[in-house]
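Visitor: can't give you the sequence, but here's the structure:
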């Protein structure tokens, strides 16, 4: 039960984007299509789970004042593994995500979870935390990409959504990402505050 | 007395502490380098194969049906690029085709593209080899047009493949005249119905929201063409009658 909670908290209660507001750069950048968002979700979830696993395993041996460079080395290794694997076996995906694959290294969600959670908790909860956070991140990305792709390109998974409709270009550009994310943050806060009021 | 003792022990601890953390950090870096070198060893042949495949595919796309007879290198802006000469039998007569690789920085980083043209300066095809443009905007220069409806593909089990095979941005260069200026129009995303209008203007339509990308590709191709004409004494178009 306790373990399940570690998993679920990343999806809603401590959603990395909508509650913790971490990792906004890839959020704004890769959400131009649902396909990109899903691949990003897969790549960063993999890195998140692996780095959480390793950090939690080695937490006893890491001197606290050099922990940040060690975490970054671990994260960067996994990101390089993802990058090389995609390049070798999924060149199409690698091309369409471009620079944002290597930039997973500086995604604050991953370092944040290593620092805040994995270095203080046991193996199983760290893995579940990584998985939950990764999926929470990916789901938010997918919802964001869903609206942006439909409104901005009139497409879904690269296929035409409504024939003949002219898409609103601004949604696929950077401002559209800010609009959608802002609305999502508002919605999240609204739901959370309503729940709080209901408690009393 | 006591003070010096404390100082000494402090120093000892400090030394130890630096040695330990340096050692651990070094160990982590070493292990990760070791792991990565193994991963690289596994993936490298595949990456090389992909690159080779890409080049071969690109050449066969930009010079369809031509047999490559010569490969040369030329230098432009301190970078070396490849130039190919191909031959093809066409209605009993031998015609030549040329292809080259060129690059120019787009919105973010270099865009490397390959182009093939015939003796009249007509573009046979272009192929973008490398780009790092913004996903969803400039990176759509690799996007294949698709007129399938999302809803239909949901309900229909047997997936009907779309009739488009090559990226629309690259395909619209086909048949344009490289001797004249290729202009860039902003007509929105490419549609089959735009074809005639674009062709009569010797123009392409820019990728929506990524005019810089479209410009960079077109400009690099035309500039290098002018440069190559001098460099290799190409006479294009071949006859004055054309």
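Guide: Thanks, I have it. Values in this document were obtained by computation on a predicted structure and should not be read as measured data. Numbering: from 1, shown residues only, chains lettered A, B, ... in the order given.

Visitor: is residue B:112 in contact with residue B:105, as I believe?
Guide: No - with contact defined as CB atoms under 8 Å, residue B:112 does not count as touching residue B:105 (10.4 Å). No exception for glycine: its C-beta is placed from N, CA and C like everyone else's.

Visitor: hang on, isn't residue A:128 packed against residue A:11?
Guide: No - between residue A:128 and residue A:11 there is no contact under CB under 8 Å: 11.4 Å.

Visitor: from the centroid of chain A, which residue is nearest?
Guide: Centroid check for chain A by CA atoms, centre = their mean gives residue A:137 as the closest residue, at 3.2 Å.

Visitor: just to revisit the earlier point, higher neighbour count, residue B:112 and residue B:105?
Guide: Using other CB atoms under 10 Å in any protein chain shown as the criterion, residue B:112 and residue B:105 rank with residue B:112 on top: 17 against 12.

Visitor: show me what the helix or strand encompassing the more buried one is packed up against.
Guide: In this structure, residue B:112 sits in strand B:110-118 according to DSSP states H and E. Contact analysis of strand B:110-118 by 3 or more CB pairs under 8 Å, 6 or more residues apart in numbering or on different chains; DSSP states H and E lists helix B:2-62, strand B:93-105, strand B:123-130, helix B:211-231 as its packing neighbours.

Visitor: recalculate using a threshold of 10 Å.
Guide: helix B:2-62, strand B:79-90, strand B:93-105, strand B:123-130, helix B:168-171, helix B:211-231 (3 or more CB pairs under 10 Å, 6 or more residues apart in numbering or on different chains; DSSP states H and E).

Visitor: adding distance to residue A:151 and mean pLDDT, write those out as a markdown table.
Guide: Shown next, in a markdown table, are the helices and strands packed on strand B:110-118 (distance: least, CB to CB, whole Å; pLDDT from 0 to 100):
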| stretch | distance to residue A:151 | mean pLDDT |
| --- | --- | --- |
| helix B:2-62 | 34 | 85 |
| strand B:79-90 | 41 | 82 |
| strand B:93-105 | 31 | 84 |
| strand B:123-130 | 27 | 86 |
| helix B:168-171 | 21 | 84 |
| helix B:211-231 | 21 | 86 |
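
Visitor: still on that earlier bit, the residue nearest to the centre of chain A contacts residue A:26, correct?
Guide: Yes - using CB atoms under 10 Å, residue A:137 is in contact with residue A:26, at 8.8 Å.

Visitor: overlap in contacts, those two.
Guide: A:17, A:37, A:40, A:44, A:107, A:109 (CB atoms under 10 Å, 6 or more residues apart in numbering or on different chains).

Visitor: ok, back up a step: in CSV, list the helices and strands packed on strand B:110-118 along with distance to chain A.
Guide: Listed next are these as CSV, based on distance: least, CB to the nearest CB, whole Å:
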stretch, distance to chain A
helix B:2-62, 4
strand B:79-90, 21
strand B:93-105, 14
strand B:123-130, 9
helix B:168-171, 12
helix B:211-231, 12
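
Visitor: quick one: closest of those to residue A:98.
Guide: Closest approach to residue A:98 among the helices and strands packed on strand B:110-118 (CB to CB): strand B:123-130, 10.4 Å.

Visitor: now the closest one, how far from the centre of its chain.
Guide: Computed by CA atoms, centre = their mean, to the nearest Å, the chain-centroid distance of strand B:123-130 equals 8 Å.

Visitor: what about residue 103, how many neighbours?
Guide: Picked chain A for this. 15.

Visitor: actually chain B
Guide: With other CB under 10 Å as criterion, residue B:103 counts 22.

Visitor: returning to what we had before: avg pLDDT for the strand holding residue B:112?
Guide: The pLDDT scores in strand B:110-118 average 87.

Visitor: same check, this time on stretch A:180-192
Guide: Rounded mean pLDDT across stretch A:180-192 is 89.

Visitor: hmm, who's touching that stretch?
Guide: By CB under 10 Å, 6+ apart, the list of residues contacting stretch A:180-192 reads A:12-13, A:15, A:17-19, A:21, A:24, A:27-28, A:31, A:140, A:143-148, A:151-152, A:171.

Visitor: now with 6 Å?
Guide: A:18, A:144, A:147, A:148 (CB atoms under 6 Å, 6 or more residues apart in numbering or on different chains).

Visitor: quick check: which element contains the residue lying closest to the first one once chain neighbours are set aside?
Guide: Read it as residue A:18. Using CB to CB, 6 or more residues apart in numbering or on different chains and skipping the chain neighbours, the partner closest in space to residue A:18 is residue A:188 (4.2 Å). Secondary structure assignment for residue A:188, by DSSP H and E: helix A:174-199.

Visitor: show me which positions of that helix end up buried.
Guide: For helix A:174-199, the neighbour count (16 or more other CB atoms under 10 Å in any protein chain shown) marks A:176, A:177, A:180, A:181, A:184, A:188 as buried.

Visitor: whichever residue of chain A sits closest to chain B in helix, strand or coil?
Guide: For chain A and chain B, the shortest gap (CB to the nearest CB) falls at residue A:32, measuring 2.3 Å. Of the three states, residue A:32 takes coil under DSSP: H, G, I helix; E, B strand; the rest coil.
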